[in-house]
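[1] Predicted model, plus sequence, below.
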Amino acid sequence: MERLEEQFSDLRVAKRSAMKDNMTYILDIGMSSAVVEAPKNQAVAILCSDKSIRLYNKETMTCLQEYNAHPGVLSGICFSHSNNNLLFSACSDATVKLWDVRASGSEPAQIFNGYPANVFISFDISCNDLVLCAGTEKIDDESFLVFWDARYSSKGDSREPLGIYSESHNDDITQVRFHPNNPGLMATGSTDGLVNVFDIAEDNEDDALSSTCNSGSSVSVVGWAGKDYNQIYCLTHDEGFCWWDLAQMDTDESITLCKVEDMREKVTSCSIDYLIGGLYHDKTDSMFLVAGSHTGDIHLLSCDSDNLTYLKSLQGGHTATVRSFNWCVDDNSLLTGGEDAQLLLWKLKAKDLSPGKRDSMKMTSAVQQRVRVHSSKSYSTKQKKNKDV
């Protein structure tokens, strides 16, 4: 952990890429796998508030391509695990689109159609690139997890769903996260307060639901952690944090490793206004949280069995709320995007480019506009599979 703390403190802004429109801010960042034979060709995709996706070269931070054929609100982006040329995006128009970044046109290479009333607000693809799943907003008292065969077809045909899960959440499904190594395991989070884990190899939804953890609040982020990725964590819309060990599900030990209702009250060593995300560092087997302030500061916190420790802060890069980050373990670099219409690349001991920072943007996040925060009383659980945490 000391080494990562040292690396974080040595990060400086190496490259800065501003949006064409100063009112456009960055909601999500996706990074392709490192290209061993050509590391300078690693691609970065960003999801923008103007309903566009922009593709960048990570090394030069130059914009390579822009996709803006989205009639609805975008809700996520991610690259294929096995093919760096394929990029997925989900949209509120009941589609997930697949883009071939080698193509010069602006039309998707493939479209995965949902059902007409679906509004997708989350999605992910399994680690073997075979299964795609998207979570919907609650409409008419129903919310769905929709599944497709994700295998790419050069014919560019549209795909219809393989099936749905409809009983395990009763409100907006804000997160879908497949296991990093096991393509059959998937975790989901919802504004109903629940984090569910499914084994999608099972024949039906009831059998697939292997565990349910109750955060007590509206879930905003879900992730996998632990040496064997047998732990899950979540962040909540009221800046809370929960961390569970699924390996202890069938033991007498509590599965809760850490639970904080409001990080802003728990941590006093720095000024935290919100949580950006979680970071499990597999090389050090350590769990970290990334937090921020509305002035653009970024804070790193370490997590260890109900104990949170402030480590370091990055200052002088952003001037407004930071909404997304991506830590690259291969070269220990960091990408951040915020509401100041900037994409920043931080590198170890880089020449500081802070004097060129942009002015703060006074704007409400699209994520905040889209997702309703519910009270802890607005959900119910499957008692037979919900263990006291």
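    On my side now, so go ahead. Residues are numbered from 1 along each chain as shown.

[2] can we go C-alpha only for contacts and neighbour counts from here?
    Noted.

[3] so how many other residues sit close to Met186?
    Met186 sits with 23 neighbouring residues when counted by other C-alpha atoms under 10 Å.

[4] Contact partners for Lys138?
    Lys138 makes contact with Phe144, Asn170, Asp171, Asp172, Ile173, according to C-alpha atoms under 8 Å, 6 or more residues apart in numbering.

[5] Could you do Cys91 as well?
    Cys91 is in contact with His70, Gly72, Val73, Leu74, Ser75, Gly76, Lys97, Val119, Phe120, Ile121, counting by C-alpha under 8 Å, 6+ apart.

[6] thinking the fifth one is in contact with Ala94, fair?
    Read that as Ser75. No - judged on C-alpha atoms under 8 Å, Ser75 makes no contact with Ala94 at a distance of 11.1 Å.

[7] what touches both of those two?
    With contacts taken as C-alpha under 8 Å, 6+ apart, Ser75 and Ala94 have Phe120 as neighbours in common.

[8] Settle it for me: which of the two has more neighbours?
    Ser75 (28 against 20).

[9] Which strands and helices lie in contact with the helix or strand encompassing the more buried one?
    In this assignment (DSSP states H and E), Ser75 forms part of strand 74-79. Applying 3 or more C-alpha pairs under 8 Å, 6 or more residues apart in numbering; DSSP states H and E, we find strand 74-79 packed against strand 26-31, strand 43-48, strand 86-91, strand 120-125.

[10] Just checking: what are the partner strands of the third one?
    Right, the one you point to is strand 86-91. strand 74-79 (antiparallel), strand 95-100 (antiparallel) (DSSP bridges).

[11] hey, which helix or strand in the chain has the poorest pLDDT?
    Least confident helix or strand of the chain, by mean pLDDT, DSSP states H and E, is helix 366-370 with a mean of 40.

[12] Against Gly277, how distant is the residue nearest to Ile26 when sequence neighbours are not counted?
    Spatial nearest neighbour of Ile26, excluding adjacent residues (C-alpha to C-alpha, 6 or more residues apart in numbering): Cys48 at 4.7 Å. Cys48 sits 18 Å away from Gly277, going by C-alpha to C-alpha, to the nearest Å.

[13] Just the pLDDT at Thr295, thanks.
    Listed pLDDT for Thr295 reads 95.

[14] May I have the secondary structure class of it?
    Three-state assignment for Thr295 (DSSP: H, G, I helix; E, B strand; the rest coil): coil.

[15] Flag the shaky bits of the stretch 101-250 of the chain, pLDDT-wise.
    Along the stretch 101-250 of the chain, the model assigns pLDDT under 70 to no residue.

[16] Please indicate which of the contacts of Cys91 has the highest neighbour count?
    Phe120 (32 neighbours).

[17] For Asp262, see how far away the closest residue to that residue other than its chain neighbours is.
    Nearest non-adjacent residue to Phe120, counting by C-alpha to C-alpha, 6+ apart: Thr136, 4.4 Å away. Per C-alpha to C-alpha, Thr136 is found 27 Å from Asp262.

[18] Which one's more surrounded, the two?
    Shown here are Thr136 and Asp262; by other C-alpha under 10 Å, Thr136 has more neighbours (26 against 17).

[19] Okay, the more buried one and Ser143: tell me how far apart.
    Using C-alpha to C-alpha, Thr136 is found at 6 Å from Ser143.

[20] Now for these two: what residues contact both?
    By C-alpha under 8 Å, 6+ apart, Thr136 and Ser143 have these common neighbours: Asp172, Ile173.

[21] Okay, helices next: where are they in the protein?
    Assigned helices in the chain, in chain order: 2-9, 205-208, 263-266, 366-370 (criterion: DSSP state H).

[22] from the middle of its chain, how far away would the second one be?
    Translated: helix 205-208. Distance, stretch centre to chain centre, for helix 205-208: 25 Å (C-alpha atoms, centre = their mean, to the nearest Å).

[23] Also the third one?
    A distance of 22 Å separates the centroid of the chain from that of helix 263-266, by C-alpha atoms, centre = their mean.

[24] In CSV, list the C-alpha atoms belonging to that helix.
    Provided in CSV are the C-alpha atoms of helix 263-266 (Å, rounded to 0.1, in the frame of the first residue of the first chain):
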residue,chain,number,x,y,z
MET,A,263,-18.2,9.2,4.0
ARG,A,264,-18.4,13.0,4.4
GLU,A,265,-18.9,12.6,8.1
LYS,A,266,-16.6,9.7,8.6
